[in-house]
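1. Predicted model follows, preceded by the sequence.
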Amino acid sequence: MKFIHLSLLLSIASTLCAQIPLSDFDKSAVKYKKINSYIREKQKHNVQYFSQIKPSVSSESDLSAYSFHTATYTINSPLETTWNACVQTSPAQLWNSGILKLGCIYNQNSNTLHYCATQEFFPLDVNQIYFINLRFLRVLNIAAALITTRIDPENKIIEFTYIEGNTSQGKQSMRLVQSGENETKIIHDTYFKSSSKFRDKRLYPTFHQKSIGDLHKNIDFFSTEIQKKNNVSIN
């Protein structure tokens, strides 16, 4: 019995040692102050390790009380090309625009922390936590975090869920649909809820529309780049 208890304690200690503590986060590697402050706030709320960060909702959550936003974007590339742009482009490039700046990613699968300033390449994967800086009109500057909770190649769906403790709770999903020989529609649905009804009704939809608009412009750009490379290789 003592041996079993000792083995259990050693196993728990080994697991904790393998985890990355938030205190190990290198603030100098991320130039966005809001992201650094965001992670410090997590520590104040007793989140000790990146692996402790959880999604705010699950596939079984009742979202009937959440606000809903939807937008459709046209991408001038075939479905498979657009899908490849979404899943094969490094997130550090895809989530990089005038509004969106990706500071770092924690990968729960490999227990690794990636600083986007290093330009290290890594494709989209489930259980990646994105720490994002959003800046609107040089006036509003905020940080948020999303975790990838679903990548469905068959149905062409990608889902991001807000993490626990975000100002907004809920999730976003992107569904890709072929709408022509060389055209893809992306339906971007968002369920969201915060403690402020005014924020949810008046502020969030406007700023959210602007931020995802930048994201889909990047998807269009990288889809076109993939198409160009494919045409060159065929010729």
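-> Done, it's in. Numbers count the residues shown, from 1 in each chain.
2. Residues contacting stretch 105-116, please?
-> Stretch 105-116 is contacted from outside by 18-20, 24-26, 29-30, 50-51, 53, 91-92, 102-104, 120, 122, 125-131, 147, using CB atoms under 8 Å, 6 or more residues apart in numbering. For glycine as for every other residue, the C-beta is placed from the backbone atoms N, C-alpha and C.
3. could you flag which of the residues you listed are buried?
-> 25, 30, 50-51, 53, 91-92, 102-104, 128-131, 147 (16 or more other CB atoms under 10 Å).
4. and these, which two are the farthest apart?
-> Across these, the longest distance by CB to CB is 21.4 Å; it joins Ser51 and Ala92.
5. Show me the strands in the chain, by range?
-> 67-75, 100-107, 112-115, 128-136, 140-152, 157-162, 169-180, 183-193 (DSSP state E).
6. can you put those in a markdown table and add mean pLDDT and distance to Asn36?
-> Shown next, in a markdown table, are the strands of the chain (pLDDT from 0 to 100; distance: least, CB to CB, whole Å):
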| stretch | mean pLDDT | distance to Asn36 |
| --- | --- | --- |
| strand 67-75 | 97 | 29 |
| strand 100-107 | 94 | 8 |
| strand 112-115 | 92 | 12 |
| strand 128-136 | 94 | 9 |
| strand 140-152 | 94 | 8 |
| strand 157-162 | 98 | 19 |
| strand 169-180 | 96 | 23 |
| strand 183-193 | 98 | 24 |
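7. how much space between Asp214 and Tyr38?
-> 20 Å (CB to CB, to the nearest Å).
8. The two - which one has more neighbours?
-> Neighbours were counted for Asp214 and for Tyr38 using other CB atoms under 10 Å; Tyr38 has more, 20 against 15.
9. Who are the contact partners of the closest residue to that one other than its chain neighbours?
-> Distances taken as CB to CB, 6 or more residues apart in numbering put Ala143 closest to Tyr38, at 3.9 Å, once the chain neighbours are dropped. Shown in contact with Ala143 (CB under 8 Å, 6+ apart): 32, 34-35, 37-38, 103, 131-134.
10. for the chain, longest helix please?
-> helix 204-234 (DSSP state H).
11. For that one, buried residues please.
-> Those buried within helix 204-234 under the rule 16+ other CB under 10 Å are 204-205, 207-208, 210-212, 215-216, 218-224, 226-227.
12. Give me the helices and strands touching that helix, please.
-> Judged by 3 or more CB pairs under 8 Å, 6 or more residues apart in numbering; DSSP states H and E, helix 204-234 is in contact with strand 67-75, helix 79-88, helix 91-94, strand 100-107, strand 128-136, strand 183-193.
13. Look up the pLDDT of the nearest residue to Ile39 once chain neighbours are set aside for me, please.
-> Taking CB to CB, 6+ apart, and ignoring the residues beside it in sequence, Ile39 has Phe25 as its nearest neighbour in space, at 5.4 Å. pLDDT recorded at Phe25 is 93.
14. picking up where we left off before, of the contacts of Ala143, grab the buried ones for PyMOL.
-> This is how PyMOL selects the buried members of those, with burial counted by 16+ other CB under 10 Å:
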select buried, resi 32+34+35+38+103+131+132+133+134
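15. could you dump the contacts of Ala143 to JSON lines with distance to Thr74?
-> Below are those laid out as JSON lines (distance: CB to CB, whole Å):
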{"residue": "Tyr32", "distance to Thr74": "31"}
{"residue": "Lys34", "distance to Thr74": "32"}
{"residue": "Ile35", "distance to Thr74": "32"}
{"residue": "Ser37", "distance to Thr74": "37"}
{"residue": "Tyr38", "distance to Thr74": "33"}
{"residue": "Gly103", "distance to Thr74": "30"}
{"residue": "Phe131", "distance to Thr74": "30"}
{"residue": "Ile132", "distance to Thr74": "24"}
{"residue": "Asn133", "distance to Thr74": "28"}
{"residue": "Leu134", "distance to Thr74": "24"}
